[in-house]
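Trainee: any chance you can model this:
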Amino acid sequence: MAAITAAMVGELRAKTDAPMMECKKALTEAEGDMARAEEILRVKLGSKASKASSRVTAEGVVSAYISGGVGALVEVNCETDFVTKNDDFIALANTVAKLVAENNPADVAALSALPLDGKTVDEVRAALIGKIGENMSIRRFKRFETAAKLTSYLHGTRIGVMVEFDGADEQVGKDVAMHIAAMKPVSLSSDQVPADLIEKERNVAALKAAEDAEKAKAEGKTPQSAEIVAKRVDGSVQKFLKEVSLFNQAFVKNDKQTVEQMLKATNSSVKSFTMFVVGEGIEKKQDDFAAEVAAQVAAAKQA
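Mentor: Numbers count the residues shown, from 1 in each chain. Reported below is the predicted structural model:
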């Protein structure tokens, strides 16, 4: 059997970017044949990626890219918070954001088919899954192209905001982006709040009114009239609309004025925004602490 040297392992790792132990195993199996070892790794890494693909990816990072009036916000997911600090994973997210801005793909499938370093984005993603040992997915993106201005704000890597705005003061755009990350509005104005959210809030307010009516009866009191109840429900909905619409929110840097008032005072305007929160809406698998530590140790060894 051919002797497997550290130099051979290093050469194979440089060619494939696979973990050192995987390279050594492949060379041993190939009896030192470098070309055959590369083929063995392709099969193994592909299998590894396939096995990982069914696992939930509720962690990840948000990345932003802006060049002039073109920009993109992207969420790329993984399984554990440990991997969100991996340089290769972060680099992939940053590259994907740039590709979205420059190529304007129609959806994630089109983005995944774009060329990247002689491969497709999806092939690069699959290779990184094989290298790190965790499932990864490009979840969503938003591309901007405007004659106005763009700015972004990343709160760590978990919350990302991109704002399309107009105004002489660049700081205004940055302040609005930070405000959005902190206060998490769902729309610019009240009339843009999605109907399903309004209906949900109305149902909650109606349920609360019904509970209050039952409590009043139990205490021998006269429940409020249907007209008053209806006004209470409407009041709750109107309060909700102000709380979740950007222009109506109290500005975080000066709660004496709303965001809309601040924009008027600075002769600025906000045309649109997008905010991504990592894993929002994804049901995360609950692991016990020991299992999570074991998974992180395994990922560290692979990296």
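
Trainee: and this structure, what are its domains?
Mentor: Following automatic domain parsing, the chain resolves into domains at 6-52, 59-183+275-302, 190-269.

Trainee: which stretch in those has the least confidence?
Mentor: Mean pLDDT is lowest for domain 6-52 among the domains of the chain, at a mean of 75.

Trainee: quick check: longest helix of this protein.
Mentor: When the chain is parsed with DSSP state H, its longest helix is helix 195-218.

Trainee: what lies in contact with it?
Mentor: Outside helix 195-218, the residues within contact range by Cβ atoms under 8 Å, 6 or more residues apart in numbering are 186, 222-224, 229, 232-233, 236-237, 240-241, 244. For glycine as for every other residue, the C-beta is placed from the backbone atoms N, C-alpha and C.

Trainee: ok, which stretches of the stretch 151-300 of the chain are strands?
Mentor: 159-166, 250-251, 254-258, 269-277 (DSSP state E, counting those that start in this stretch).

Trainee: returning to that earlier point: of the contacts of helix 195-218, which pair is most distant in space?
Mentor: Maximum pairwise distance among these (Cβ to Cβ): 37.8 Å, between 186 and 222.

Trainee: same drill for these two, tell me which one is more crowded.
Mentor: residue 186 (14 against 8; other Cβ atoms under 10 Å).

Trainee: circling back: dump the strands of the stretch 151-300 of the chain into TSV; add distance to residue 12 and mean neighbour count as well.
Mentor: Shown next, in TSV, are those (distance: least, Cβ to Cβ, whole Å; neighbours: other Cβ atoms under 10 Å):
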stretch	distance to residue 12	mean neighbour count
strand 159-166	37	23
strand 250-251	57	18
strand 254-258	59	12
strand 269-277	38	19
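
Trainee: residue 77 is nearest to which of those strands?
Mentor: strand 269-277 (10.8 Å).

Trainee: and the closest one, what other elements does it pack with?
Mentor: Applying 3 or more Cβ pairs under 8 Å, 6 or more residues apart in numbering; DSSP states H and E, one finds that strand 269-277 contacts strand 70-78, strand 136-145, strand 159-166, helix 170-183, helix 259-265.

Trainee: apply 7 Å and report the result again.
Mentor: Contact here means 3 or more Cβ pairs under 7 Å, 6 or more residues apart in numbering; DSSP states H and E; on that basis strand 269-277 packs against strand 70-78, strand 159-166, helix 170-183.

Trainee: coming back round to it: buried by neighbour count, from the contacts of helix 195-218: which ones?
Mentor: Among the contacts of helix 195-218, the ones that count as buried by 16 or more other Cβ atoms under 10 Å are 229, 232-233, 236-237, 240-241, 244.

Trainee: which of those lies closest to residue 147?
Mentor: Comparing those against residue 147 with Cβ to Cβ places residue 244 closest, at 28.4 Å.

Trainee: report the outermost residue of this structure with respect to its centre.
Mentor: Residue farthest from the centre of the chain, counting by Cα atoms, centre = their mean, is residue 220 at 51.7 Å.

Trainee: ok so, going back, tell me the most buried of the helices and strands packed on strand 269-277?
Mentor: strand 70-78 (a mean of 25; mean count of other Cβ atoms under 10 Å).

Trainee: can you get me a residue count around residue 143?
Mentor: That count, for residue 143 with other Cβ under 10 Å as the rule, works out to 20.

Trainee: isn't it right up against residue 104?
Mentor: Yes. Using Cβ atoms under 7 Å, residue 143 makes contact with residue 104 at a distance of 6.0 Å.

Trainee: quick check, residue 63 in a strand?
Mentor: Yes. Assigned with DSSP: H, G, I helix; E, B strand; the rest coil, residue 63 falls within a strand.

Trainee: identify the bridge partners of it.
Mentor: In this entry, residue 63 is beta-bridged to residue 74, by DSSP bridges.

Trainee: residue contacts, it?
Mentor: 74, 76, 93-94, 96-97 (Cβ atoms under 7 Å, 6 or more residues apart in numbering).

Trainee: in TSV: those, plus distance to residue 259.
Mentor: Listed next are the contacts of residue 63 as TSV, based on distance: Cβ to Cβ, whole Å:
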residue	distance to residue 259
74	26
76	30
93	29
94	29
96	31
97	26
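
Trainee: got the CA positions of stretch 157-171 in CSV?
Mentor: Output of stretch 157-171 as CSV, limited to C-alpha atoms (Å, rounded to 0.1, in the frame of the first residue of the first chain):
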residue,chain,number,x,y,z
THR,A,157,-25.9,39.1,10.8
ARG,A,158,-29.4,38.2,11.9
ILE,A,159,-31.3,41.3,10.9
GLY,A,160,-30.9,43.1,7.7
VAL,A,161,-32.7,46.2,6.3
MET,A,162,-32.5,47.9,2.9
VAL,A,163,-34.1,51.3,2.4
GLU,A,164,-34.9,53.2,-0.8
PHE,A,165,-35.0,56.9,0.0
ASP,A,166,-34.5,60.4,-1.2
GLY,A,167,-33.0,63.4,0.6
ALA,A,168,-29.8,65.4,0.8
ASP,A,169,-28.8,64.0,4.2
GLU,A,170,-27.4,60.5,3.8
GLN,A,171,-27.6,59.9,7.5
